[in-house]
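Q: Attaching a predicted model along with its sequence, questions to come.
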Amino acid sequence: MRPKKATLILVDEQTLFREGLAALCEATGQYEIVGQCGDGGKAVEVVCSKKPDLAVLDLSLTEVGALGVIQKASRRGVATRFVILSTRRDRKTVLEVLRSGAAAFMLKSDSAAWFFRGLRNVLEGSIFVSPQIQLSDLLVSLRQRGGEPYEKLTFREHQILMMVIQGWRGKEIADQLDLSPKTVSTHLVRVMKKLNIHDIPGLVRFGVRQGLIPLR
């Protein structure tokens, strides 16, 4: 039996680039393109309706920026992992993207081989950064800044934290992410332990302080 293909959406305002990337992905036989669009507003709709395994976004999207797409999708409990493509490689941009919840930051000048290696790493649960970017510089920057407390969280823990501070209940989270309530509870306990927070209101206050949720 053939292995199941990973589902993927592509979001880039440059149609020729987007369609070329789609052709490359489909040619591998490992990916199924379930959606394409050219702006961030449409991207939110496609991600939330299709719920693909991966969403590859150009950093410079119109209407809703790439990081806004990640935030909006996370609020809705979508389990999609996000890969950001960009021409920018400055440290501030890379750190901002990774802290937003993206699973990978790649450059449009990367080779196809590195692009697909990045996708595989992300599907396996890892974080991936373009080989053209000096990871040592990023790590030094994080140490100098002390890092953000939530950087200690795994992808799933971060996802559940975002849902909890948006008001989702345990059973709702379990149903949305196709997990058992016990598994959600276990993840939540780990989140609280890592953040040294002891109750849900404390998590909400933490979310506001860290800018994970907007003040209304």
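A: Right, received. Where do you want to start?
Q: Where does pLDDT dip in the chain?
A: Counting by pLDDT under 70, the chain shows low-confidence ranges at 1-2, 134-151, 155, 208, 210-216.
Q: in it, which spans are strands?
A: Assigned by DSSP state E, the chain shows strands spanning 6-11, 31-37, 54-58, 81-86, 104-107, 128-129.
Q: what's the angle from the first one to strand 31-37?
A: In this case it means strand 6-11. Using axes from the mean of the first three to the mean of the last three CA atoms, to 10 degrees, the direction of strand 6-11 lies 30 degrees away from that of strand 31-37.
Q: just checking, what packs against the lengthiest helix in the chain?
A: Taking DSSP state H as the criterion, the chain has its longest helix at helix 181-195. Counting contacts by 3 or more CB pairs under 8 Å, 6 or more residues apart in numbering; DSSP states H and E, helix 181-195 packs against helix 155-165, helix 170-177, helix 200-209. In this view, the C-beta of every residue, glycine as well, is placed from N, C-alpha and C.
Q: Point out the most buried one among those.
A: Stretch with highest mean neighbour count among those: helix 155-165 (a mean of 21; mean count of other CB atoms under 10 Å).
Q: Adding mean neighbour count and distance to residue 202, write the strands of the chain out as CSV.
A: Shown next, in CSV, are the strands of the chain (neighbours: other CB atoms under 10 Å; distance: least, CB to CB, whole Å):
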stretch, mean neighbour count, distance to residue 202
strand 6-11, 23, 35
strand 31-37, 18, 38
strand 54-58, 25, 31
strand 81-86, 23, 27
strand 104-107, 23, 31
strand 128-129, 20, 32
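Q: I'd like the ones you listed as JSON lines, with distance to residue 74 appended.
A: As requested, the strands of the chain are exported to JSON lines (distance: least, CB to CB, whole Å):
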{"stretch": "strand 6-11", "distance to residue 74": "16"}
{"stretch": "strand 31-37", "distance to residue 74": "18"}
{"stretch": "strand 54-58", "distance to residue 74": "12"}
{"stretch": "strand 81-86", "distance to residue 74": "9"}
{"stretch": "strand 104-107", "distance to residue 74": "16"}
{"stretch": "strand 128-129", "distance to residue 74": "19"}
